[in-house]
Structure formats: structure tokens, C-alpha cells
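Q: sequence and predicted structure, then a few things I'm wondering about:
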Amino acid sequence: MTAQRIDGNALAQKIRTEVAGRTAALKARGIAPRLAVVLVGDDPASQVYVKHKVNDSQQTGLEATLERYPASMAEAELLARIDALNNDPLVHGILVQLPLPRHMDSHKVIEAIAPAKDVDGFHVASAGALMVGQPGFWPCTPHGCMKMIESIGYDLRGKHAVVIGRSNIVGKPMALMLLQQNATVTICHSATADLKAMTLQADVIVAAVGKRNVLTADMVKPGAVVIDVGMNRNDEGKLCGDVDFDGVSQVAGWITPVPGGVGPMTRAMLLVNTITAAENASR
Ligand SMILES: NC(=O)C1=CN([C@@H]2O[C@H](COP(=O)(O)OP(=O)(O)OC[C@H]3O[C@@H](n4cnc5c(N)ncnc54)[C@H](OP(=O)(O)O)[C@@H]3O)[C@@H](O)[C@H]2O)C=CC1
Ligand SMILES: Nc1nc(=O)c2c([nH]1)NC[C@@H]1CN(c3ccc(C(=O)N[C@@H](CCC(=O)O)C(=O)O)cc3)C=[N+]21
């Protein structure tokens, strides 16, 4: 069997077109939806990601402002800046790029963002809302993964989904979203005793670890849906995921590539959250 690729670039483009329509509708009412992106320090990967996010926003007609601060910025200064953005009626979404410099407490910084502007979905209020099934912003990466599964017309009800990774921004919210769609969910992590025994039972596998070749062909049930969240570099410096793409493609039914899979979808869902925040504010 050769797995079908789920094209994240194509699906993200479709979502951006929808966002552009919603943005135009708000602009016609005199409201300019705006995302504020805050970057502290000079991590090279973060600079690339942030540039992508600002470009995507502008492509859909959303206003995006990038604020850059030196790594030496005091935490109190960042908190004050977030407070100002919270109180600025012209700003609808706030994204503080992670990781932050080590002298900052990222929990404290995220909790400073007003939940109504938390387009990353990282605030405890957003996490709590997802947990109990109330409206709120969903983290963009797992939400993008759900959209990819939805795009192939796959019904999760009664299926066994295995999530590898339990971070607050990917693994845990991913598990909750799959559960909400009536999948039976197993969460694996670094202390899981026999990962292969788990993944071999899975109809859907989401790999969100950050290590190459965490998932190989011998670990996958024929026909399974495989979603690769990982972002790693191989020995040649090329971007790759957590999944051995060539090997697993021989066994899986569906697979997402890296690059061109979950990454572009994460960015698209950020735009969806931002336009939703602006619509909510205009009601
Ligand atoms: N495409 C995109 O848009 C995005 C991609 N990413 C990428 O996704 C990956 C995961 O990100 P994130 O969740 O933030 O990472 P974290 O490092 O926060 O979490 C990684 C998780 O993987 C688990 N883990 C580590 N080693 C193993 C192992 N050998 N077997 C099973 N589980 C293991 C860890 O377990 P434990 O909890 O026990 O330590 C942890 O729960 C990274 O490559 C990141 O770059 C992240 C965000 C967005
Ligand atoms: N507050 C905050 N929110 C985030 O959402 C956030 C963050 N901090 N810190 C870092 C991680 C990582 N992340 C990615 C998003 C898109 C791609 C992406 O678009 N990747 C492209 C390739 C990009 C390239 O060429 O490097 C792809 O997979 O095709 C990657 C990684 C968001 N994150």
C-alpha cells in the first residue's frame, strides 16, 4: 500500500481564502482585524516563524504588527507591554512567540494575555474551556491536525487514536480534540513502556515528540492515518518530522509530510483564531 498524502499547503490555502472573506466583511464595517506578534530575543528559528506569520496575515488582509525586543528585556517590561495590548481596542489577537529568554516565566507571560485575545490558545482559561467543551480558542497546531483529518472525510467515532507526546501546546489538547470527536484516545510519552505495542493498535497516530524516526513502518497498522507534528533537522540539515516518511508511507493509508503538512496548518489556524477574535469583539 502507498499512503495518500494530506497536503497541508493546499488545505491551508483554502482556509486562508475563507479567512480573507471574513476579513473583507469586517473591513466593510470599518473594523480592521489586527494581530500583534511579540518576539523577544533573536532565536533564528523564531525569526523565520514570525516572519511567516506576519506574511500569512497580510496575505489575507489581516493587519499584523511585529514587535521585537532584545533578549535582555525585563519580564516586567514584557508584562506591561502585554497589558497595553490587552487594553488596545485596535488589537484583536496577541501572540507571544515561544520560547522566551530563560529569565522569563513563560506561564506568567501567557497568563497575562487577555483570554479574548489569546489566539494561540495557550492561556489556562483557553485550555480549561477546551477541557470542558466550552467556547474558547483552541491551540493552532492540534486544531490544524483535526482539520487535516476532517479534510479526508475520516469519521473518528469509535476509532483508536494514539497521541505521542503530552505537551500543553500539542499532545494534551490534541488528545482532548480527538476525544471530543468520540475517538478512544491513548496518550504516550517518554515513560511509555512499549510504544510500538500502542501504535500498532492505532487507527490514527499523531506524533508530536521532536525526535526523528520516532515512528517507523514496523510500528504502524496497515491503512492507519498518520499525522506528523514534529519539526526536526536531519544530518543534511533538511527539515523533517518525527515519522520515517518513506517507510511509513508503504504501510499507512494517509500521511502528512514535513515540510508542507502540519506547519502551514498551524499558521492557518492562527489566522482563523484572529479573525474570530475580531468578529467576537465587534459584536
Ligand atoms: N508543526 C508545527 O506547527 C509545530 C511543531 N512543533 C514540533 O512538534 C514537536 C513537539 O513539540 P512540543 O509538544 O512543543 O514538544 P515538547 O518537547 O514539549 O514535548 C515532547 C513530548 O514528547 C515526549 N517524548 C519524548 N521522547 C519520547 C519518546 N522517545 N517516546 C515517546 N514520547 C516521547 C515527551 O514526553 P515527556 O512528557 O515524558 O517528557 C513530551 O511529552 C517538536 O518537534 C516541535 O518542534 C511544535 C509546535 C508547532
Ligand atoms: N507562541 C507560539 N505559537 C506557536 O504556534 C509557536 C511558537 N510560539 N513557537 C514555535 C512553534 C513552532 N511553530 C511552527 C509553526 C509553523 C511551522 C511551519 O510553517 N513549518 C513549515 C516550514 C517552515 C520552514 O521552512 O522552516 C512547514 O512545515 O512546511 C513550523 C513551526 C509554531 N510555534
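A: Happy to help now that I have it. Ligands and ions are numbered 1, 2, ... in the order given.

Q: hmm, who's touching stretch 100-115?
A: Stretch 100-115 is contacted from outside by 40-41, 71-73, 75, 78-79, 82-83, 86, 94, 96, 98-99, 118, 120, 122-126, 136-137, using CB atoms under 8 Å, 6 or more residues apart in numbering. For every residue, glycine as well, the C-beta is placed using N, CA and C.

Q: report the contact partners of the residue nearest the centre of the chain.
A: When CA atoms, centre = their mean is applied to the chain, the residue found nearest the centroid is T141 (1.6 Å). T141 makes contact with 169-170, 174, 208, 229, 262, 265-266, 269 under the criterion CB under 8 Å, 6+ apart.

Q: ok, G93 next?
A: G93 neighbours (CB under 8 Å, 6+ apart): 33-36, 117, 119, 270, 273-274, 277-278.

Q: one more time with 10 Å
A: By CB atoms under 10 Å, 6 or more residues apart in numbering, the residues touching G93 are 33-37, 57, 62, 64, 85, 113, 116-120, 137, 270-271, 273-278, 281.

Q: that older thread, make a ChimeraX selection of the buried ones in the contacts of stretch 100-115.
A: Buried residues within the contacts of stretch 100-115, by 16 or more other CB atoms under 10 Å, are selected in ChimeraX with:
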select :40,41,73,75,78,79,82,94,96,118,120,122,123,125,126,136,137
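
Q: coming back round to it: so of the contacts of G93, which ones are in helices?
A: If you go by DSSP state H, these have 57, 85, 270-271, 273-278, 281 in helices.

Q: just give me the neighbour total for the residue in the stretch 151-283 of the chain that ligand 2 sits nearest to.
A: Closest to ligand 2 within the stretch 151-283 of the chain is G263: 2.4 Å, counting by CB to the nearest ligand atom. Each residue near G263 was counted by other CB atoms under 10 Å, and the total is 24.

Q: so what's it scoring on pLDDT?
A: Predicted confidence (pLDDT) for G263: 97.

Q: was I right to think it contacts L11?
A: No. Under the contact definition of CB atoms under 10 Å, G263 does not touch L11, with a separation of 11.9 Å.

Q: between those two, what contacts are shared?
A: Residues touching both G263 and L11 (CB under 10 Å, 6+ apart): 144, 256.

Q: just how off-centre is the lowest-mean-pLDDT helix or strand in the chain within its chain?
A: Within the chain, no helix or strand scores below helix 44-59, which has a mean of 93 by mean pLDDT, DSSP states H and E. In terms of CA atoms, centre = their mean, to the nearest Å, the centre of helix 44-59 is set 14 Å apart from its chain centre.
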